[in-house]
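In: What follows is a predicted protein model with its sequence.
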Amino acid sequence: LSKKVEMTNWEKGHYINYAKMNETLNIVRQRLNKPLTYAEKILYSHLDDPHGQEIERGKSYLKLRPDRVACQDATAQMAILQFMSAGMPSVATPTTVHCDHLIEAQIGGEKDLERAKSINKEVYDFLSSSCAKYNIGFWRPGSGIIHQIILENYAFPGALMIGTDSHTPNAGGLGMAAIGVGGADAVDVMANLPWELKAPKVIGVKLTGQMSGWTSPKDIILKVAGILTVKGGTGAIIEYHGPGVENISCTGMGTICNMGAEIGATTSLFPFNENMYKYLSSTKRKEIGDFARSYAAELREDEGAEYDELVEINLSELEPHINGPFTPDLATPISKFKDAVRENKWPEELKVGLIGSCTNSSYEDMSRAASIAQDALSHGIKAKAHFTVTPGSEQIRATIERDGQMKTLEDFGGMVLANACGPCIGQWDRRDVKKGEPNSIISSYNRNFTGRNDANPATHAFVTSPDLVVAMTIAGSLNFNPLTDTLKDKDGNDFMLSAPTGDALPSQGFDPGSDTYQAPPEDRTSINVAVSPQSDRLQILEPFQAWDGKDANDLPILIKAKGKTTTDHISMAGPWLKYRGHLDNISNNMLIGAINSANGEANKVHNSTTGEWDAVPATARDYKRKGIKWVVVGDWNYGEGSSREHAALEPRHLGGLAIITRSFARIHETNLKKQGMLPLTFSNPDDYDKLEPDDKVDLLCTQLAVGKPMTLRVHPAKGGDAFDVELSHTFNEGQMEWFKNGSALNTMAKAHKS
Ligand code: F3S
């Protein structure tokens, strides 16, 4: 195990450390003394402190040391801006950035890419220069979708990776525990802090039998989604095992893991097997495959490993499925689909079929799709519905161009889009139907929530395998089952489509296509990070000020929020996404969705210095200008929802000191601490009711100590004596330094300098 094998062909000096993983795992093995699942093995072999770590599935918080970080372009902006403010010369953990989310599909790959490069120039320039500066691998627009590139170049069995995108688990197809996170977590790992994860439960999915005919790997996850539903995987890793695993291609396993995100799973995993070895060899990483073989016993579950829940699927009996509309867990087998269309009155005409995306754009997917298209062409017919093809990477695009699948798909009527997310993330200038017009589309993507693809809430979006997308596109109707129904050829004769066929890997090897990778240069000192001071999309972050060491007196309550206050209420998405890289601009959405208990309205609060009613961000800015710190009072489970770090950055940026609630969602509470804020809770939650929105408060910050309560002195607006309320907190020693230094990043920067 002491061999020196590089993690990837794109970087030098980062070796796969199976020896260290084995050593760490053995420490935990001795402590737990029981058979382990593969998911546990990967996590435990990456523990920061294997001797001292408390370990209980579903309960403990594991401190982990991931091998890699991957960011897509929309989330990378704020992650890198924060990292920059730590003042470190380079990332501590190998990191890559992938430009895939900002390319809009309109008229076809090349032109769409050129347009995106010009619209997003300043964002791309910033990412390219900051990646070069901080030693981050940069995959330019046109290179492909993050998860495809990770599978092709970076994933390896037994590894742990975090990525700032929900479908990061795609790399489970190569036996990697790859977990989607918010930007704040990525910044921690880039800056060498351990990464915290609640020890997940492990759901086992046992596969037996063998797929054939029209059934494909996508149908496994469509079926699992139907069984477990969109919430069923929450807080769990889905671990596939059993004899059925052996016959699934590596990219097929990637598809299954990818879409595990739709059932809320932390990640999904397959054990190391022959098909992974073949894929590693085919993508020029045979050495990694050989090394993995030498560690193979630990790259799968132990005999007798226990799962918190077990699902069994017999692949020989598995039917092709179509899931949707509007939710990915509404699973219908193809034999019942026509009935479901009729009963639910889903629009029967199929308007558009879309194949590709990070979920389903492998060589195998494209080959099988092309085989069906070729079958139609040989009968003199083409796609009846509109048809788009999104290659997952430049390598896939170039290889299917060389091997002919692309020509077949184009002859069939397909429009080949850029190697990017495109319609999957709503980057689609769709013109064939009007907004509000009910219509059906079918894709090989993973998500189909209302409006996701085309912003039309009346679009019924179905997800399925690329095979069924092509078949339904030929029929131009949802009222078609290729396993049983005939089509008319060009002369009006009936014929049935043959079941799809296609190689898992190209026999001539992959064609890498054009060079879309930018490696960080050797000498990075002279690189300037490109951010225009006039930019409204990007802004360099200044480090937050350290605590002044004093109690804070006479603070106004910016808002006493009532009821649900999610991270969407605190930092709304939608049109604000444009400003993700500009903290001052995006702060204009701070808390605009929260309901003020004073008037039951959103975004209308009383400015205690002027007596005026104004918007929340405007009022906070006014206090900040006047040098007045402020607090927010919140209700139960404040900050639930996505892990969006902007929800913590914004109140800090606009001069907030503390968020005082009945309770917090844990991730948001930690995010606030990281930004140097004080997340505090009422020791007695009923004290929430004692505070009036116009009261002033003193916060005795000097009392902050691990495990000790703090005092909030309340000066009632209606007059009368001040009274004290006891507040609790969950700061540990290390986190207290974050508050004192102004943020976790300031603390890292300080440690780095000394
Ligand atoms: Fe992109 Fe859609 Fe995948 S947005 S990363 S192709 S889920």
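Out: It's in.
In: Now do the same for the closest residue to the ligand within the stretch 501-650 of the chain: its pLDDT.
Out: Closest to the ligand within the stretch 501-650 of the chain is L577: 12.6 Å, counting by C-beta to the nearest ligand atom. Every C-beta, even on glycine, is put in place using the N, C-alpha and C of the backbone. Looking at L577, its pLDDT reads 77.
In: can you count the residues close to it?
Out: Using other C-beta atoms under 10 Å, L577 has 12 other residues around it.
In: Make 17 the first number, not 1, from now on.
Out: In the new numbering, first residue 17, that becomes L593.
In: and the residue nearest to G429 when sequence neighbours are not counted, backbone torsions?
Out: Excluding the flanking residues, the one nearest G429 by C-beta to C-beta, 6 or more residues apart in numbering is A399, at 3.8 Å. Note on A399: its backbone torsions stand at phi -60, psi 130 [degrees, to the nearest 10].
In: re the thing from before, do I have it right that the residue of the stretch 517-666 of the chain closest to the ligand meets A90?
Out: Yes - using C-beta atoms under 8 Å, L593 is in contact with A90, at 6.9 Å.
In: Helix, strand or coil: sort out the closest residue to the ligand within the stretch 467-616 of the chain for me.
Out: Nearest residue of the stretch 467-616 of the chain to the ligand (C-beta to the nearest ligand atom) works out as R468 at 8.9 Å. Classification of R468 using DSSP: H, G, I helix; E, B strand; the rest coil returns coil.
In: Tell me how many other residues surround it.
Out: 17.
In: One more: the one 10 residues further on?
Out: A total of 27 residues lie near F478 under the criterion other C-beta under 10 Å.
In: that older thread, would you say the residue of the stretch 517-666 of the chain closest to the ligand is within a helix?
Out: Yes - counting by three-state DSSP, L593 falls inside a helix.
In: Return the residues in contact with it.
Out: With contacts defined as C-beta atoms under 8 Å, 6 or more residues apart in numbering, L593 is in contact with A90.
In: One more: T686?
Out: Residues near T686 by C-beta under 8 Å, 6+ apart: 200, 212.
In: now the helix or strand hosting it, how far from the chain's geometric center?
Out: Secondary structure from DSSP states H and E places T686 in helix 682-690. Relative to the chain's own centre, helix 682-690 is displaced by 18 Å; criterion: C-alpha atoms, centre = their mean, to the nearest Å.
In: now swap in stretch 353-372 and tell me
Out: With C-alpha atoms, centre = their mean as the basis, stretch 353-372 stands 28 Å off its chain's centre.
In: Ok, stretch 188-204 next?
Out: Averaged C-alpha coordinates place stretch 188-204 at 8 Å from its chain's average position (C-alpha atoms, centre = their mean).
In: And stretch 36-49, what's buried?
Out: 37-38, 40-41, 43-45 (16 or more other C-beta atoms under 10 Å).
In: hey, C-alpha coordinates of it in PDB?
Out: Below are the C-alpha coordinates for stretch 36-49, written out as PDB (Å, rounded to 0.1, in the frame of the first residue of the first chain):
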ATOM      1  CA  LYS A  36      -2.700   6.100   5.800                       C
ATOM      2  CA  MET A  37      -6.400   5.400   5.200                       C
ATOM      3  CA  ASN A  38      -5.900   1.800   6.200                       C
ATOM      4  CA  GLU A  39      -4.000   2.800   9.400                       C
ATOM      5  CA  THR A  40      -6.800   5.200  10.400                       C
ATOM      6  CA  LEU A  41      -9.500   2.700   9.600                       C
ATOM      7  CA  ASN A  42      -7.800   0.100  11.800                       C
ATOM      8  CA  ILE A  43      -7.800   2.400  14.800                       C
ATOM      9  CA  VAL A  44     -11.500   2.800  14.400                       C
ATOM     10  CA  ARG A  45     -12.000  -1.000  13.800                       C
ATOM     11  CA  GLN A  46     -10.400  -1.800  17.100                       C
ATOM     12  CA  ARG A  47     -12.700   0.700  18.800                       C
ATOM     13  CA  LEU A  48     -15.900  -0.400  17.200                       C
ATOM     14  CA  ASN A  49     -15.100  -4.100  16.700                       C
END
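In: Does L513 touch T500 like I think?
Out: No - using C-beta under 8 Å, L513 is not in contact with T500; the gap is 10.8 Å.
In: The two: which has the busier surroundings?
Out: Shown here are L513 and T500; by other C-beta under 10 Å, L513 has more neighbours (22 against 10).
In: May I have the residues that are in contact with that one?
Out: Shown in contact with L513 (C-beta under 8 Å, 6+ apart): 388, 391-392, 487, 490, 498, 503.
In: do that again at 7 Å, thanks
Out: Listed by C-beta atoms under 7 Å, 6 or more residues apart in numbering, the contact partners of L513 are 388, 391, 487, 498, 503.
In: Could you do S409 as well?
Out: So, once contact is read as C-beta under 7 Å, 6+ apart, S409 ends up touching 159-161, 164-165, 168, 435.
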